[in-house]
Every structure is written in structure tokens, then in C-alpha cells.
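Undergrad: predicted coordinates and the sequence they were generated for:
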Amino acid sequence: MEAETDIFTLQELSDATGVEPRTIRSYVEKGLVPGPDSLGRGAKYPRESLDRLKVLQLLRDANRGLTLDQIRLLLKRLGPSELRGLADGRIRIAAVLDTDALAGELPSRSAAAEYLRTLRTQAPAHQVMHMQNPGAWDDSLPVLEEAARALARLAGLSSASRGVRGEPWYRLPLTPDIELSVRGNFAPEELAQLHRIGDALRLLLTKGPRA
Amino acid sequence: MIASPSPQAASPEFRVELDRSLVNVEGRSVRHLVLTVRAPEPPPTDRPRDPLNLGLVIDASGSMAGRPLDAAKAATLDLLERLSDDNHLSIVSFASDVITHAQAVRLDTAGRSKIANAVRPLMTRGSTALFDGWVGGCQAVATRQAAADATERNHVLLLSDGHANQGECRPERLAHYAAELRKRGVLTSTVGIGRSYSPIQLQAIAEAGGGRMHDAEEPHEIAEIMLAELNDTLATTVESLEFTLRLPRGVEPEIYGTTPLARDAEGCDILAGSLLGNATRRIVVKLTFPGGQMGETLPIGVTARWKTPCDGREQTAELATVAPRFDTPAACLAQPRCRELAKIVAEQWQAHIYHRAMQLNQDDQCEAAVAFATREGRYYDRYCADLPEMQTAVSNVHAFSPTVIHAYDQVTAKEVFLRSHKTSRGEKDRRSSKRAEIEELIRQAAARHRQS
């Protein structure tokens, strides 16, 4: 048996398990197998990568119908000693292959939902509003105050001597019965800002502020 | 929801063929690898179909005002009547903001009424935050996916009439996110609405998202396209089909058409996407070979991975290894080739030339577009020399090449993109109205340029 501190190249992992290097990389990308400690050809993988690969194969052999998401869940449950025991054959794979329990766990762990949560935290700041779930609004966003301030800046309310004669009105429907009218000559970026203000007001008008 | 277990799905049929089996010892031989897949039969119509978890994402930006949005709303209401009770529908609209009007509502009587009430008052507002809207739709579907039976088909249908101009807009990033969601079981199809939208972003999402891209030029076509997409989704028997090519060192792959190809040190991955039951898809990969030793072979291994939507199973098959052999230039020239295969290559190649040149043209790289189309046209001419049935195509390519020096109007460009995309994927055009032939559109555009 290899020593506890063993590290492996991608090719060594492949030779030891019969899994193609490309497939191992895709398992790493999918979070099924720990990745290497560095980049490039000489990158070394930890012992856990080998153990996980072996267990992954055992799981697939035992139940060809398992999806990678289900395998990810099963692997997630295993502690280091259990993982090693399975990889070494000291523990039988049937002991962990409880698909009924797995089916019960899947609902709360959708991979797509998790990915989207990550994506939203990385995406540029942009307000996303849920009509069905106003409770999910961002508390830190004082929508009305922000909209009022932005509107004041846009319409030049602070400028007492502002000449408005001859400037057109820009009308923005908010609901079937309410519209926002702002007088001025607006550049495209200002119009976009006006639309954003309208969107915020529309949200308040249709759903009201957070209770 | 409990779905009845699906019967074991049949596997697709695959063929892996090279148009010529000898390559030049002196190098720079170009050969075409043709991957053919035929999807298994769709489920019989008398068997209950797998339930759908569908997210409908509707562009409500200002440019959709009037007939387009009204048609999208009418199409959604029509869709409600066609989906059975065991399906779930989410409705998301986007403009500068994103509104989830309904999240995974079961389509019983109360659910239909709830969705109809949410859709009818939908109004246009602001700019086009396409990315956020699409993500909102995916979120609604993914939330349901997390609580549903694995046999449900998780699908997002994105309707838009324009360029994303807010949030993430880069086609390559949109494709990346779409691919990641596809790998996690949420597929996306897109519908471009109107005459002058840019299909680049919608194509990137649909192609990488494992779905299909449709065009609804006229408002009345939105409903028929949505219905066709729904039928296509239910008739899909192969999902997320991906080929892996293991290539010897020095062999360079290039794909004809719009199919995504990801290169790495050992070969490449090609995403073929979804196939309807009984549909046949052909993918042509151009391979450029290095020089080598007489008699030596260059084994190319091909693996396919796909998912069967009826049970969510992921499957893998080692398809074949083709091994072209190095020989003298004279022997390479003299070797015969399969005419049927050569014709398939020629059809895909022509679509590739149109698509790529038009892409350059629309990116304001008109001179590069001409250079590309002219160079490819020369090789194309030579390749088709002994294919009399392809001589019209050769003439068409030669006639097309000089026209891309002028920026094409958006309407013609969109049409060329769409047709070449459909040709390269072997997909049907779902629009009911008859369109002019692509060559006729090109001739008309060229005539307009001459007059101006």
C-alpha cells in the first residue's frame, strides 16, 4: 500500500484507476475529485484524489444509474477513514450505497441552484426583484430614498435658476394608471437611469415596501 | 411529484468516418472526420410523457412594446392550455430589472389561472438585462429541480428581440454559463423575435445550453415557435451529447459550423447538444495532419457521452478509433473517397463559410471576411471538383465571397446566420411562412450595395 503522504501526477492517477486523464480533469472541474496543488504538467494530486476516484468507480460499477450529482452527494458524506476503507476494499461499497436515503437528500441540494447562487454573488451588482417573494428584497437598499435622490439629480431640482421653458416632458408609464413625467433633455445614459428609477417606483407601487 | 418509472431508454446509433484514410508523409494533409448520430425513437404518443419544469423568460424591454409583447403574452396563454396538469411553469420577465411573476406553478386549474393573471398585465419597461432575466428563469427552474423527481425535464425558453445591453453581454461568457447550467441539468432554448435582432448572444446561449435557437420574425410566429419548441423538448431522446476526440500530437481540429469545440492538450470536446427522437445529426471536423513516417498510423479515438432525458441517466460509449496512415503524396492523391461522405462535408463546409464570413462582416471586419470567404472558396472548389451535384454550391460560394466587403444589413445577416446554423445542426426551420432562398437574399443585398 502506498504511504499516507503519497502524491500523484495526473498520469499516475490514470494508470492506477484506468480513468482517462481527460475524465479525471472533468471530475475535478465538477468537484468530485480534489484538484492538484499547482498548475502545469508536473502538478501533483493528493492521495484523496486517488481514493475518491476509486470509490467513484466502485459506485458506478455498483449502480450504473447513478448520476454524477448523486455520486457527489455520496462522496460528500464520507469521512477520510471511510473513504480510505472503501478505496482499499476494507469496507464494502454496498454499505454506503443507500439510494433511498440519497433520493431523500437530493431535493435540497440541486447543483444548478447552488451554481446560480454562486453566480449571483459573483455577478455585477444589479437589482433583481421577485414579485412572488418580496421578503427576499435586499434590506440594505433604500429604494424610495435612492430613487428620489436620483430623480432630483436627474431633473436638476437643486438648481433654482434652471430654465425649463421649451424642454420636453419625458413620460414613463409605471402602472396602467400612474405615469412618471420628467421635464428635460436627457442623454441616453440619463434616460437609462430614468428607466431604472421607474422600475424601482413600479416595484414599490405594485408590492409596497418590505413589511 | 411522483413520475412513473420510464422504461430503459434505447441508445443512439453512431458512425465515425474519415473521408480519406491516407495522409501525406510531408504533412499539411486536410481530412474530414464525420461523426453521425441517429437518436433513438421518441416515446410512443400513448405513453404519458415526462413532466416538464419549464421556465419562460420574456423580454419586456421597451422595443418589445406593442405587437411583439402582446404576441408573446398570447403565446404564453396558449401554451397554458396545451400543457397538462403534471407540468410546472415559471414566468420571468426582464427589462432593466427582472420580475419573477410565477415560480414553478403546477398547471392545475388554479395554477393556470394564477399564471394567466400574472401574464396579462405584463408591460414593457427599460432596457435589456438579458443575462439577469435568463438567470432569473434558470433560478426558478433550478429551485423546482431541487425538489422534483429526476425524470422532470428542466428547460428554460428565453424570448428576446434584441441585444443584451445591460449586465453580462459577452457571447463567450453567456455560453460558459449556459454550458455550466446544462451540465447541472437545466437546458436553455432561445427565440429571437423580430427582423433585426442579433442572433449571436441567443445562439451562444442555446448552443452551449443544450437547446435550440429559433427565429420568430413576425409576432404571429411566436406562438407556433413556442409550441414547436415544446414539442421538440418532449420529443428529445438524447441530451447533452458530447464527443471527445483523442488526437495524436500535431493533429489540429477545426469544426465546420457553430458547434462548440473545446481544445486541450490531448484532443478536443465537441458539444452536439440535444437530438429529437429519430433525428440524425452530422458533425464535420476538419483535421490538419503533421508529417510523419511512411506506413505509420495516427490513431484517433472517439468517445461519446450523453444523457437520456427520460431517466436522467448519463451514458458513455467508446465509439471507434480511426487510424489514417502516412503515405506518399502520389498515393494520397490517387486514393478514392466516399462520395456520400464528401457531399455531407461539402454541405457543412458551405454553411460554415457563410456563417463565419457573415460573423466577420458584422464585426466590422469586412476585408477579413472577404479574405476568409475567398480562401475557403478556393479550397472548396477543389474539394467539390468531382462532385457534380455540388457545383451550384461552389458557384454560390464564389458569388458570395466579394459581397461581404460591404456591411450587410441586419435582417439579411440574421437570416444567413440562422440558415447556416440550422444547416450545420441538421435542424428544421420551424417558421411557417415561406422565406426566400439564402442565395436570393445575398443577391438582393449585393444589388442594394451596387445601387448605393
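TA: It's in.
Undergrad: max-length helix in chain B?
TA: helix B:339-362 (DSSP state H).
Undergrad: moving C-terminal of that one, what's the next helix or strand?
TA: Downstream of helix B:339-362, the next assigned helix or strand under DSSP states H and E is helix B:366-383.
Undergrad: tell me which residues in the helix or strand just after that next one are buried?
TA: Sequence order places helix B:391-400 as the next helix or strand after helix B:366-383, per DSSP H and E. Judged by neighbour count using 16 or more other CB atoms under 10 Å in any protein chain shown, the buried positions of helix B:391-400 are B:393-394, B:396-397, B:400. The C-beta positions use only the backbone N, C-alpha and C, and glycine is treated the same way.
Undergrad: can you list those in TSV and add distance to chain A and pLDDT?
TA: Shown next, in TSV, are these (distance: CB to the nearest CB, whole Å; pLDDT from 0 to 100):
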residue	distance to chain A	pLDDT
B:Ala393	36	95
B:Val394	38	96
B:Asn396	39	95
B:Val397	36	96
B:Phe400	36	94
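Undergrad: was I right to think B:Asp264 contacts A:Glu20?
TA: No - contact criterion CB atoms under 8 Å: B:Asp264 and A:Glu20 do not qualify, at 11.8 Å.
Undergrad: more neighbours, those two?
TA: A:Glu20 (16 against 12; other CB atoms under 10 Å in any protein chain shown).
Undergrad: for the nearest residue to the more buried one once chain neighbours are set aside, give its distance to B:Cys338.
TA: Nearest non-adjacent residue to A:Glu20, counting by CB to CB, 6 or more residues apart in numbering or on different chains: A:Ser14, 6.3 Å away. As judged by CB to CB, to the nearest Å, A:Ser14 and B:Cys338 stand 35 Å apart.
Undergrad: neighbour-wise, which of the two wins?
TA: Between A:Ser14 and B:Cys338, counted using other CB under 10 Å, A:Ser14 has the larger neighbour count: 17 against 14.
Undergrad: about what we covered before: who are the packing partners of whichever helix or strand the residue nearest to A:Glu20 is part of?
TA: If you go by DSSP H and E, A:Ser14 is part of helix A:10-17. For helix A:10-17, the elements it packs on are helix A:21-29, helix A:47-62, judged by 3 or more CB pairs under 8 Å, 6 or more residues apart in numbering or on different chains; DSSP states H and E.
Undergrad: mind putting those into JSON lines with distance to chain B?
TA: As requested, the helices and strands packed on helix A:10-17 are exported to JSON lines (distance: least, CB to the nearest CB, whole Å):
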{"stretch": "helix A:21-29", "distance to chain B": "6"}
{"stretch": "helix A:47-62", "distance to chain B": "10"}
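Undergrad: so how far is stretch B:441-452 off the chain centroid?
TA: 29 Å (CA atoms, centre = their mean, to the nearest Å).
Undergrad: same question for stretch B:402-417.
TA: The answer for stretch B:402-417 is 20 Å, by CA atoms, centre = their mean.
Undergrad: CA atoms of that stretch as CSV?
TA: What follows is stretch B:402-417, C-alpha atoms only, in CSV (Å, rounded to 0.1, in the frame of the first residue of the first chain):
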residue,chain,number,x,y,z
PRO,B,402,-16.9,39.5,-52.7
THR,B,403,-20.3,40.7,-51.3
VAL,B,404,-19.1,40.6,-47.7
ILE,B,405,-16.8,43.6,-48.4
HIS,B,406,-19.9,45.8,-47.6
ALA,B,407,-21.5,45.6,-44.2
TYR,B,408,-24.7,43.5,-44.7
ASP,B,409,-28.0,44.9,-43.3
GLN,B,410,-29.0,43.2,-40.0
VAL,B,411,-32.0,41.5,-41.5
THR,B,412,-30.1,39.6,-44.2
ALA,B,413,-27.2,38.9,-41.8
LYS,B,414,-29.6,37.4,-39.3
GLU,B,415,-31.2,35.2,-41.9
VAL,B,416,-27.8,34.0,-43.2
PHE,B,417,-26.7,33.2,-39.6
